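1. sequence below, structure please.
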Amino acid sequence: MVLAFRLYGNFHWPPHPDIGKLSDNTRDGVVEIHYLEKETAGTFRPVLRWTPRENFLPSSPLPKVEHTLFDFTVEDAVAQFKPDEDNAIWIDAGKYTANTDWLAFRGAFLIDQYRAADPKQEAALDLRWPLVRSCSYAPGHKVFSGLDVGRRHGPRYCVNLHLPLPVRRSTLLSGSNVDPSAFPFCAVYEPGKKSPFNTILNFTTLVGGWIEGDSVDTSVKPVSKTSFVFSDAKYPSGASLGSFGFSARGTPSQGGFAIYGGAQKSTTINAAEFWPANARPFMQDILGRFGFSIDPSSAEWPTLKTGDTTAERSLRFVKEGSDARKPAFIYRIAISAGKGAPSSADDIKKSGNVLSLRLSKETGGWIKTADALYVDCKLTWDIADHAPLHGRDMWNDDAQRWSPRIHLSFHWKNEIPTGENLGGSPATVGDLDFGLLRHAAHTFRQTREALKPAEAGQPRSILPDLQADGEQTVRFTLNSSPMRVSSRTGVRQRPIPG
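-> Numbering: from 1, shown residues only. You can find the predicted model right below:
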């Protein structure tokens, strides 16, 4: 037996698949997917397990598995799950073969993924992601993070995930759309197609966007523009959660990303329907939210960079120190100088096609960047294992329970010409250029001139002159200190208007 997935949640109960029958009643608990050998040696089938919060211990043994989900009608299957009782059931071929949903556990706020080298080993935590429990991307259409089980020409289950973002997901604000700080996608697992042990974490279908009703119906032809099925060529083969990122645009050769823009399985996708199409997330959600003065009426004067590369709008996943308990989401967005004009009060301006940031407290003025300015907005958490006897309860919703932090990193490229000696006083040059290299070079010169000559080996004797021996392209970075955020997931509960 190997644990594959564990979802913690405050789930709507009972777990009926029909969103129209969604109950206001909720139940704290854990939903898990385990894989066990069944009938044929080396063939693994999934088992769905429900454990109420009061009974949950991470190391508790699996109850005896006696029934198969699809031997029950939908209504009888839902009735099998009691809110206060442990239950485990096979997700495998059964008596009923209708292509429909059987169960939907809606309301997960955390997902764990476990990995083992072979079925005799205890699975180790491979991934831990916080989730947005529920949100709306369109008025009156609430969707949930969770686990859904059903049939589409065979047994399948899927995880509908809404990941926290530091900015609005897109710029589709209108009467029929809202832009919460959440990133939706769905991974579908079809155990009848991939049953060998080394493939149990590999999904068979990847869906971009949100699915109406949280259904397991991922037909190649989408019902609406809210979601689509990725072409197999648009994400890495053999992919599992955490092994790749997402990008608005790019090419398969760039690797490591599921790419939105362009031809997918049944349609051509416009990335602007799923990612920002203007600079407001950069200007308002990042600069404006973190201390820069930004006039909302001029928030679209920069141009959003929208080239065919994964470098300009992407979401990446890492672990701090390779510890799955310390996940980090890195959201990247880039802008360039547009045709409009910024407000004179803004802490960002343009000179020709070059952008500058005002850093009065840090540098006394402006720092010149480049024609393209990137920002990596990094959300981090420290989510310890569930151990209520030691004061670590996954259902504790204190804002600082998971130590959410946000870290900004602005970066840009400058061309330094051959022979550039970074001369002159920074105070007389105007906007700082080449990062702080001119400051450093000036400080070295002034320090040497202010001190008496000394023999070799003295500290002031090794202060160098800075000069480019050849033309160089240098990436400069401006980093913030980690900042606390006010909610457990680190996301804004309501999008910024505009």
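
2. how close does the nearest residue to Gly338 once chain neighbours are set aside get to Pro63?
-> Distances taken as CB to CB, 6 or more residues apart in numbering put Thr303 closest to Gly338, at 3.9 Å, once the chain neighbours are dropped. The C-beta positions use only the backbone N, C-alpha and C, and glycine is treated the same way. Noted for Thr303: a distance of 58 Å to Pro63, by CB to CB, to the nearest Å.

3. and Gly209, by the same measure?
-> Distance, Gly209 to Pro63, by CB to CB: 36 Å.

4. show me which of those two is the more surrounded one.
-> Gly209 (22 against 15; other CB atoms under 10 Å).

5. contacts only, for the spatially closest residue to the more buried one that is not a sequence neighbour.
-> Among residues not flanking Gly209 along the chain, Ser227 sits closest, at 3.6 Å (CB to CB, 6+ apart). Counting by CB atoms under 8 Å, 6 or more residues apart in numbering, Ser227 touches Pro184, Cys186, Val207, Gly208, Gly209, Trp210, Ile211, Thr218.

6. kindly report the same for Phe11.
-> By CB under 8 Å, 6+ apart, the contact set of Phe11 is Thr26, Arg27, Asp28, Gly29, Val31, Phe105, Arg106, Gly107, Ala108, Gly146.

7. what backbone torsions are found at it?
-> When read as degrees, to the nearest 10, the backbone of Phe11 gives phi -90, psi 140.

8. next one: it from Leu131, what distance?
-> 12 Å.

9. tell me which stretches of this protein form helices.
-> Ranges of helices within the chain are 74-79, 280, 360-363, 426-429, 437-450, based on DSSP state H.

10. Gly338: which of those is closest?
-> Of all the helices of the chain, it is helix 280 that lies closest to Gly338, at 12.4 Å by CB to CB.

11. and the closest one, how far out from the chain middle?
-> 19 Å (CA atoms, centre = their mean, to the nearest Å).

12. now for it, which elements pack on it?
-> Packed against helix 280, as judged by 3 or more CB pairs under 8 Å, 6 or more residues apart in numbering; DSSP states H and E, are no other helices or strands.

13. and the average pLDDT for that helix is what?
-> Looking at helix 280 alone, the average pLDDT works out to 91.

14. same question, stretch 369-389
-> For stretch 369-389, the mean pLDDT works out to 93.

15. do stretch 433-451 as well
-> 80.

16. which positions within it qualify as buried?
-> Asp433, Phe434, Gly435, Leu436, Leu437, Arg438, His439, Ala440, Ala441, His442, Phe444, Arg445 (16 or more other CB atoms under 10 Å).

17. what's the answer for stretch 97-111, then?
-> Neighbour-count burial for stretch 97-111 [16+ other CB under 10 Å]: Asp101, Trp102, Leu103, Ala104, Phe105, Arg106, Gly107, Ala108, Phe109, Leu110, Ile111.

18. so what's the residue count around Thr473?
-> Per other CB under 10 Å, the neighbour tally for Thr473 reads 8.

19. pretty sure it is touching Lys413, no?
-> Yes - the criterion here is CB atoms under 8 Å, and Thr473 meets it with Lys413 at 5.7 Å.

20. need the pLDDT of Asp148.
-> Per the predicted model, pLDDT is 96 at Asp148.

21. residue contacts, it?
-> Pro17, Asp101, Leu103, Ala104, Phe105, Tyr157, Cys158, Val159, Asn160, Asp214, Ser215, Val216.

22. closest one to Phe292 out of those, please.
-> Closest to Phe292, out of all of the contacts of Asp148 and judged by CB to CB, is Asn160, at 35.1 Å.

23. so Asn10 touches Phe105, yeah?
-> No - at 10.6 Å, Asn10 does not count as touching Phe105 under the criterion of CB under 8 Å.

24. still on that earlier bit, got any residues that touch both of Phe11 and Leu131?
-> With contacts defined as CB under 8 Å, 6+ apart, the residues adjacent to both Phe11 and Leu131 are Ala108.

25. which of the helices of the chain sits closest to Pro327?
-> helix 280 (26.8 Å).

26. can you tell me how far Pro404 is from His386?
-> 18 Å.

27. compare those two (neighbour count), which wins?
-> Pro404 (24 against 20).

28. residues in contact with the more buried one?
-> Going by CB under 8 Å, 6+ apart, Pro404 touches Leu379, Thr380, Trp381, Arg484, Val485, Ser487, Arg488, Thr489, Gly490.

29. one more pass at 10 Å, please.
-> Listed by CB atoms under 10 Å, 6 or more residues apart in numbering, the contact set of Pro404 reads 130, 164, 379-383, 482-491.

30. what do you get for Glu300?
-> Residues near Glu300 by CB under 10 Å, 6+ apart: Thr171, Asn278, Ala279, Arg280, Met283, Gln284, Gly338, Gly340, Gly498.

31. is it true that Asp465 touches Arg448?
-> Yes - counting by CB atoms under 10 Å, Arg448 is a contact partner of Asp465 at 9.1 Å.

32. any idea how far Leu357 is from Leu304?
-> 17 Å.

33. lowest pLDDT pick from the buried residues of stretch 97-111?
-> Lowest pLDDT among those: Asp101, with 93.

34. any idea what that residue is bridged to?
-> Taking DSSP bridges as the rule, Asp101 bridges to Gly150.

35. what's the answer for the one 4 residues further on, then?
-> The residues listed as beta-bridge partners of Phe105 by DSSP bridges are Leu147.

36. identify the residues contacting it.
-> By CB under 10 Å, 6+ apart, Phe105 lies in contact with 7, 9, 11-15, 17, 27, 29-31, 48, 50, 81, 144-149, 160, 214.
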